[in-house]
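Chemist: Next one to model:
(one chain, ligands or ions: 4)
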Amino acid sequence: MENPAQNLRVDSARLWNSLMEIAEIGATPAGGCNRQALTDEDREGRDLFVRWCRDIGCEIRVDRMGNIFARRPGADNSSPAVITGSHLDTQPTGGKFDGVYGVLAGLEVLRTLEDNGIRTKAPLELVVWTNEEGARFSPAMVGSGVWAGEFSLEYGHSRADKSGITIGEELERIGYLGTEPVLPRAIKASFEAHIEQGPILEKQEQVIGVVTGVQGIRWYDVIFHGMPCHAGPTPMEDRRDPVQALSMLCERLYREVRAYSEDARITCGDLRAAPGSRNTVPEEVVLALDLRHPIPEGLNHLHGSLYRLAEQVQEETGTRVEVREEWYSPPVAFDENCIDAVSRAVQTLGYSNRRMVSGAGHDSVYVSRVAPVSMIFVPCEGGLSHNEAESAEPGHLEAGCNVLLHAMLKAAEL
Ligand code: GLV
Ligand code: MN
Ligand code: MN
Ligand code: MN
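Modeler: Ligands and ions are numbered 1, 2, ... in the order given. Okay, here's the model as predicted:
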């Protein structure tokens, strides 16, 4: 029998308009978004999301990590749900698409089904995960991580920002400390739409990335313990200067990482010097370091280089170099059936595509611990993300959303 929904398409203008409307919350003068996790702006974004979902009859649940679940009942509510979703939080200088596209693409799928009076057999759930970015509170993906059992709820609630305010306190303050236990219910399949955040699709002129997995990520705080002293009278050879040790370590580590493999990544995203005075050699410098590689052996190799070079620099400079591991998200492979559901939807819709591994972390990494998962990527301009200039074409966003619609319909059945 012909599938009665095979000609169904999402409303591109409505998807775009919703993206632009929510982008006004936390809008920055440079055209981006600053809607960091659990701020007033995040609350406003969540409130708008909840209102939009209630408008189409979804039932809302919020768990004790502030993850929001909007449920559209199916014809058979004893069936496990098909889920989709992403995050509404942004980087401090974030764009209009990272995360929020996955949430609003899911909303557009539900709106399209509602408009057309289509009831799937399995219920559908649209999820907003708490603190995916890891920018305000480390680590990234902590809401989905607690939900999937990677972290305890106490760990999740106790994560603090730079001023010592915790996730638990902020959830309570903004009214999103829900009452539901943070536990996965049975899930049939999960799909997440996202901008690629890299240049491959655009360079190769492909519309859809069929995502087969996510590369590994390891986060560290590297602490250089120096001796504070006066910038003028103290001879250079009498100093223990943590910045000199830091620069030696960075120079060697960048060189080794680049020589090791073109797939390896190193980022020093944040540096804090204490006490932070121009004319005092710092007592301490803390470097927030991010290492990535698509395969476990590669990431282990980079991890080994870091420890070896830290020890080398400590010996040569007499400055104590302490490496503290903050977070490890191993490479994951997504579910073959879900990848296939995405591939088939792409083929039916006739979009150019390629298979690819995600360079960025996503909530789907933790969701994949407890459910079959895949992701759908669309190109972004110049491959740019975590930047206020992040941009994507309406036609590409529409294509990714149509793929999401058909992958979900296939998994949820009619
Ligand atoms: C999250 O955005 C990450 O990949 O770091
Ligand atoms: Mn994201
Ligand atoms: Mn991001
Ligand atoms: Mn991410």
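
Chemist: What residues does the chain have near ligand 3?
Modeler: Taking C-beta under 5 Å from the ion as the contact definition, the chain meets ligand 3 at 98, 133. Where you see a C-beta, it was placed from the backbone N, CA and C, and this is true even at glycine.

Chemist: Show me where the chain dips below the pLDDT cut-off.
Modeler: Low-confidence segments of the chain (pLDDT under 70): 1-2.

Chemist: Could you measure from the spatially most central residue of it over to ligand 2?
Modeler: Residue closest to the average C-alpha location in the chain (C-alpha atoms, centre = their mean): residue 362, at 3.9 Å. Distance, residue 362 to ligand 2, using C-beta to the ion, to the nearest Å: 6 Å.

Chemist: Return the residues in contact with that residue.
Modeler: Applying C-beta atoms under 8 Å, 6 or more residues apart in numbering, we find residue 362 in contact with 86, 132, 141, 192, 194, 214, 375.

Chemist: Out of those, name the ones that lie in strands.
Modeler: Those of the contacts of residue 362 mapping onto strands are 86, 192, 194, 214, 375, per DSSP state E.

Chemist: among those residues, which two are most distant?
Modeler: Of all pairs drawn from the ones in strands among the contacts of residue 362, the greatest distance, 13.4 Å, lies between 86 and 214 (C-beta to C-beta).

Chemist: so the residue lying farthest from the centre of the chain is in which element?
Modeler: In the chain, counting by C-alpha atoms, centre = their mean, residue 233 sits farthest out from the average C-alpha position, at 47.6 Å. Using DSSP states H and E, no element contains residue 233; it sits outside every helix and strand.

Chemist: Over to residue 52?
Modeler: According to DSSP H and E, residue 52 maps onto helix 40-55.

Chemist: from the middle of its chain, how far away would that helix be?
Modeler: 19 Å (C-alpha atoms, centre = their mean, to the nearest Å).

Chemist: how about the strands in this protein?
Modeler: 59-62, 68-72, 81-87, 124-129, 187-195, 208-214, 216-225, 265-274, 284-293, 320-329, 332-333, 353-358, 373-378.

Chemist: want to try TSV for these, with distance to ligand 4 and mean neighbour count as columns?
Modeler: Formatted as TSV, the strands of the chain follow (distance: least, C-beta to the ion, whole Å; neighbours: other C-beta atoms under 10 Å):
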stretch	distance to ligand 4	mean neighbour count
strand 59-62	22	16
strand 68-72	18	22
strand 81-87	7	28
strand 124-129	10	27
strand 187-195	8	26
strand 208-214	9	25
strand 216-225	10	21
strand 265-274	13	15
strand 284-293	12	20
strand 320-329	11	16
strand 332-333	14	16
strand 353-358	9	18
strand 373-378	11	28
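
Chemist: Residue 403 and residue 351 touch, don't they?
Modeler: Yes. Residue 403 lies in contact with residue 351 (C-beta atoms under 8 Å); the separation is 7.0 Å.

Chemist: The two - which one has more neighbours?
Modeler: Taking other C-beta atoms under 10 Å, residue 403 and residue 351 do not tie; residue 403 has more neighbours (31 against 17).

Chemist: so who does that one touch?
Modeler: By C-beta under 8 Å, 6+ apart, the contact list for residue 403 reads 193, 208, 342, 345, 346, 349, 351, 376.

Chemist: again with residue 195
Modeler: If you count contacts by C-beta under 8 Å, 6+ apart, then residue 195 has 97, 98, 101, 377, 378, 379, 380, 385, 390, 392 around it.

Chemist: Residue 182 too?
Modeler: Listed by C-beta under 8 Å, 6+ apart, the contact partners of residue 182 are 63, 64, 65, 67, 146, 147, 153, 156.
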